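Trainee: Need a 3D model of the sequence below.
(one chain, ligands or ions: 1)
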Amino acid sequence: MSKMAVIFWSGTGNTEAMANAVAEGAKNAGAEVSLLPVSAVSAEEAAAYDVLALGCPAMGAEVLEESEFEPFFAALEGSLAGKPVALFGSYGWGDGQWMRDWEARTSAAGAVLKAQPLMVNETPDDDALSDCRALGAAAAV
Ligand SMILES: Cc1cc2nc3c(=O)[nH]c(=O)nc-3n(C[C@H](O)[C@H](O)[C@H](O)COP(=O)(O)O)c2cc1C
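Mentor: So this is what the prediction gives:
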């Protein structure tokens, strides 16, 4: 059974709702899942998991949230070579540039992207939550 961490930052709950569904999908697919706000985990602890699902909304001007998530991810980048990773997050008025940049960084770090990064506009509806569960399942195997 793979040990997977779903690690997220969420200001208004949208990415958190996605994270809950990602974790549910991964558990249903047989993974042992830890669901963690980014404030509760260090990069070193995150790097010890077999699989990572990382969630962060578009913040600032098309960037990762800068006070907690960006420092966490910057510290993790050096440990991502060969690591299976899935990315997800909610956004508002943008066109997804934050996710394209994040995906490029993750690939450049040598991570193995387990699925297309999943972006949801604002609050996830039922279809989006089922996409989140599918992402979790894809990451878990
Ligand atoms: C300070 C701030 C900056 C934001 N910057 C962007 C942005 O650059 N592009 C975008 O598409 N949405 C942006 N948004 C919208 C959020 O990404 C969107 O509301 C998202 O659903 C928030 O997710 P959360 O509920 O997990 O915090 C921003 C929101 C806030 C509060």
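Trainee: tell me the secondary structure for the residue nearest the centre of the chain?
Mentor: With distances taken as Cα atoms, centre = their mean, L54 lies nearest the centre of the chain, 1.8 Å away. Three-state call for L54 (DSSP: H, G, I helix; E, B strand; the rest coil): strand.
Trainee: That one bridge partners, please.
Mentor: I7, L87 (DSSP bridges).
Trainee: Next up, the contacts around it.
Mentor: L54 sits next to I7, F8, F73, V85, A86, L87, F88 when contact means Cβ atoms under 8 Å, 6 or more residues apart in numbering. C-beta coordinates here come from the backbone N, C-alpha and C atoms, glycine included.
Trainee: How far off centre is stretch 33-45?
Mentor: Stretch 33-45 sits 11 Å away from the centroid of its parent chain (Cα atoms, centre = their mean, to the nearest Å).
Trainee: To clarify, my last question referred to stretch 123-133.
Mentor: Per Cα atoms, centre = their mean, the centroid offset for stretch 123-133 relative to its chain is 14 Å.
Trainee: What residues sit buried inside that stretch?
Mentor: Judged by neighbour count using 16 or more other Cβ atoms under 10 Å, the buried positions of stretch 123-133 are P124, A128, L129, D131, C132, R133.
Trainee: Would you confirm that G30 contacts A140?
Mentor: Yes - counting by Cβ atoms under 8 Å, G30 does reach A140; the two are 6.4 Å apart.
Trainee: These two: who's more crowded?
Mentor: A140 (26 against 12; other Cβ atoms under 10 Å).
Trainee: for that one, what are its contacts?
Mentor: A140 touches S2, M4, G25, A26, K27, A29, G30, A31, V33, V51, counting by Cβ under 8 Å, 6+ apart.
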